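Peer 1: Fold the following, please.
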Amino acid sequence: MGSVFKKQTTRPLPADAELFSKSGQRFARWKSGKRTRTAKLTIGRDGAERIVTESPTFLAKYRDGQGFICEVSTGCRDESAARSVLAELERRAELVKSGVMTFAEDHAADHQAISLADHIVAFGESMKAKDSSTNHLAATLRYLNRLADQCGFRVLGNLRKETFERWLVQKMKEGWSARNRNAYQTALVSFARWCVESGRLMANPFAGLGKANEQADRRRIRRSLTEDELSRLLNAARNRPLLDAMTIRRGKRKGQTVGIVREDVRDRLQWLGRERELIYKTLALTGLRKNELASLKIGQLHLDGERPFAELKAFDAKNRTEATIPLRRDLANELASWINDRAQNERVDVLKFNAMADTTIHRTNTIKLASETRLFRVPVELVKILNRDLKLAGISKRDDRGRTLDVHCLRGTFATLLSKGGVPLRTAQAAMRHSDPKLTANVYCDPHVLDVFSALDALPKLPLDASPTTNTQAMKATGTNDFRAKTFEHSFVAPPVAPNADSPRNSLSTPVTMMAISSKTNFATPLAASAVAVNAKRSLSHVDNERRKIARPGFEPGLSDSESLVLPLHHQAGFSDGAGI
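Peer 2: Take a look at the predicted model:
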């Protein structure tokens, strides 16, 4: 038999507590904010007085269906309500004992009264334990909390497929894209699947819910840069910082690049332009994502070997897999020059700082950057910088087909240039670090950049006014000339009826050896087709142990000319002089 009680605990005596006695029991009185609290006193293990506090709600103590003693909070301040909760817990324990309810169902029932917000917090902790990225974790929790608020999901029992489907229809009417709706659906289905795995739900209420077709409702279609556009972009990225500083922003000469820039500012802006140019080039020639490039450190580059490469750590990769990024030799040389020049610039900055601080200057010829130094200072809002560089380069942000350009398009440009250069799809897939070649070929490779028209030149020429001689020579080249004549000159009329080379006994069917037909064969004359004379009678069976002589070895047993099969072939239209059938 279970019981309900309020759990008592002891705490240290508050510093400003007033002690008094009542009916032989000592009490303490103190203020907590604007409220005055009173509690009994007891002696702790260390001999000091402590106050006794009890939980605000009742706890239930009972034995579950597996025989274990459990203490759970009823959440009730009223004792009679707490006993009702205890009775329900004991009823479920009896159902588990009798086999009417499984332990898993009983465990799932314990989570039904917990608020959905608490389950979402636990789901977030589970994602952290799986080392999910910070952005993915934040987006998933944001989607779930918004769905709980807009769909009225307060507890796990409120999760209904019909409710979520109505929400999807409403958002579709409001103009939400298929990709956006699928993002919310993915978060909710993942949460429900986790609830099933952790025993909070018996089944996923959103199982079988289909996703919207993103291909039929694409709001943003990226395109790749051509080689000419890429060259113009790199040139604009290198020169724009200085040009912006020299451009007059107001007055009669507004828009003219006649401003005067100090020498130190000019050097800094030229250095900034060089860094941005190298960022774009590295993205376009490696296929790295922006965040992956921003995570690269100098110690992860190996530029001195025959095949230079960069090491991408698993934590920084999108798929959480360590990768080796091959580098072209010209790019590796430019990166090495960039690192050396950057080290010299930092040395100059250190010397200037020491001179201004009137400290001792340690002059050295070279300085080496730490291996943990970031390769580039990739701006967070790189897409805004790219938009201004595109404008200076004369490249439209959105083309006439509605396709747009952003930083991630440089990764698509990498895939397109590989395809244009004749790189096999499997190799391009490995360079892009994709798990599915369809993603490389259908999503990242831009067919509009590929020279499809030039590929048609590889097809053979088929002139309509060609002479028969030309056609015959072309057929000979492909092995298709005079098909019918060769067929009837070197082949047989029909295949053998029943091979019987392995058995000494005779079968009811007679093996057939077909006659070779030449171009001079008279088709009006019937061919010999019976094994004996036409009017002669012969028994259909032979002695079982009779042996039969095989004329010549081969796949089929041979027959003499007198036993050849007679097939009367009548002359048909278009079939004369061995011209064909």
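Peer 1: pretty sure Thr38 is in a strand, no?
Peer 2: Yes. Judged by DSSP: H, G, I helix; E, B strand; the rest coil, Thr38 forms part of a strand.
Peer 1: quick one: it from Asp16, how far?
Peer 2: Remark: distance between Thr38 and Asp16 (C-beta to C-beta, to the nearest Å) = 14 Å. The C-beta positions use only the backbone N, C-alpha and C, and glycine is treated the same way.
Peer 1: higher neighbour count, the two?
Peer 2: Of the pair Thr38 and Asp16, Thr38 is the one with more neighbours under other C-beta atoms under 10 Å, namely 13 against 8.
Peer 1: from memory the more buried one sits against Arg29, does it?
Peer 2: Yes. Checked against C-beta atoms under 8 Å, the pair Thr38 and Arg29 is within contact range at 5.0 Å.
Peer 1: now the residue nearest to Ile69 when sequence neighbours are not counted: how far from Met1?
Peer 2: Nearest residue to Ile69 in three dimensions, chain neighbours excluded: Arg63, at 5.5 Å (C-beta to C-beta, 6 or more residues apart in numbering). According to C-beta to C-beta, Arg63 stands 9 Å off from Met1.
Peer 1: Kindly report the same for Gln66.
Peer 2: To Met1, Gln66 is 18 Å away according to C-beta to C-beta.
Peer 1: and the next element down the chain from the helix or strand where Arg91 lies?
Peer 2: In the assignment (DSSP states H and E), Arg91 maps to helix 79-98. Moving toward the C-terminus from helix 79-98, the first helix or strand encountered (DSSP H and E) is helix 103-110.
Peer 1: Identify each buried residue in the next helix-or-strand element following that next one, please.
Peer 2: Going down the chain from helix 103-110, the next helix or strand is helix 116-129, by DSSP H and E. Going by neighbour count (16 or more other C-beta atoms under 10 Å), the buried part of helix 116-129 is Leu116, His119, Ile120, Ala122, Phe123, Gly124, Met127.
Peer 1: what about Glu105, neighbour count?
Peer 2: The local packing of Glu105 (other C-beta under 10 Å) involves 14 other residues.
Peer 1: Which stretches in the stretch 251-400 of the chain count as helices?
Peer 2: Taking DSSP state H, counting those that start in this stretch, the helices of the stretch 251-400 of the chain run over residues 263-286, 290-295, 329-356, 382-393.
Peer 1: quick one: buried residues of the first one?
Peer 2: Applying a neighbour-count criterion of 16+ other C-beta under 10 Å, the buried positions in helix 263-286 are 268-269, 272-286.
Peer 1: Mind checking which of Gln66 and Met1 has more residues around it?
Peer 2: Neighbour comparison, Gln66 and Met1: the larger count goes to Gln66, with 11 against 7 (by other C-beta under 10 Å).
Peer 1: Read off the pLDDT value for the more buried one.
Peer 2: For Gln66, the pLDDT comes out at 77.
Peer 1: Grab the nearest non-local neighbour of it.
Peer 2: The shortest distance from Gln66 to any non-neighbouring residue, by C-beta to C-beta, 6+ apart, is to Phe103 (6.5 Å).
Peer 1: go on, Arg232?
Peer 2: The shortest distance from Arg232 to any non-neighbouring residue, by C-beta to C-beta, 6+ apart, is to Ala393 (4.1 Å).
Peer 1: Then Ala148?
Peer 2: When the adjacent residues along the chain are set aside, Ala148 lies closest to Leu116, with 5.3 Å between them (C-beta to C-beta, 6+ apart).
Peer 1: Check the gap between Ala323 and Gly124 for me.
Peer 2: Applying C-beta to C-beta to Ala323 and Gly124 gives a distance of 28 Å.
Peer 1: just the strands in the stretch 351-500 of the chain please.
Peer 2: Along the stretch 351-500 of the chain, counting by DSSP state E, counting those that start in this stretch, no stretch forms strands.
Peer 1: would CSV of the buried residues of helix 116-129 with pLDDT be doable?
Peer 2: Output for the buried residues of helix 116-129, formatted as CSV (pLDDT from 0 to 100):
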residue, pLDDT
Leu116, 94
His119, 94
Ile120, 96
Ala122, 95
Phe123, 96
Gly124, 95
Met127, 94
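Peer 1: now, the most widely separated pair of those?
Peer 2: Among the buried residues of helix 116-129, the pair separated by the greatest distance (C-beta to C-beta) is Leu116 and Met127, at 16.2 Å.
Peer 1: Can you check the pLDDT for Pro499?
Peer 2: Looking at Pro499, its pLDDT stands at 50.
Peer 1: Please apply the same query to Thr470.
Peer 2: As summarised for this prediction, Thr470 has a pLDDT of 52.
Peer 1: Sketch out the low-pLDDT regions of the chain for me.
Peer 2: Of all residues in the chain, those with pLDDT under 70 make up the ranges 347-368, 466-581.
Peer 1: Break it down into its domains, please.
Peer 2: Recorded structural domains for the chain (assignment: automatic domain parsing) are 3-103, 116-217, 227-444, 492-581.
Peer 1: so which of those domains gets nearest Pro463?
Peer 2: Nearest to Pro463 among the domains of the chain is domain 492-581 (25.4 Å), distances taken as C-beta to C-beta.
Peer 1: What about the residue nearest to Ile69, how many residues nearby?
Peer 2: Counted by other C-beta under 10 Å, the residues lying close to Arg63 total 15.
Peer 1: now Phe414, nearest residue through space, not along the chain?
Peer 2: Closest residue to Phe414 in three dimensions, ignoring its sequence neighbours and counting by C-beta to C-beta, 6+ apart: Gly287, at 4.0 Å.
Peer 1: Run a quick neighbour tally on that neighbour.
Peer 2: As a burial measure, Gly287 scores 24 neighbours (other C-beta under 10 Å).
Peer 1: what are the phi and psi angles of it?
Peer 2: Taking degrees, to the nearest 10, you get phi 80, psi 10 for the backbone angles of Gly287.
Peer 1: residues touching it, list them.
Peer 2: Contact partners of Gly287, counting by C-beta atoms under 8 Å, 6 or more residues apart in numbering, are Ile325, Arg411, Phe414, Ala415, Ala431, Met432, Arg433.
Peer 1: Please report the distance of the closest residue to the last one other than its chain neighbours from Glu94.
Peer 2: I take that to be Arg433. What sits nearest to Arg433 in space, not counting adjacent residues and going by C-beta to C-beta, 6+ apart, is Ala323, at 5.6 Å. Here the criterion is C-beta to C-beta. By it, Ala323 lies 57 Å from Glu94.
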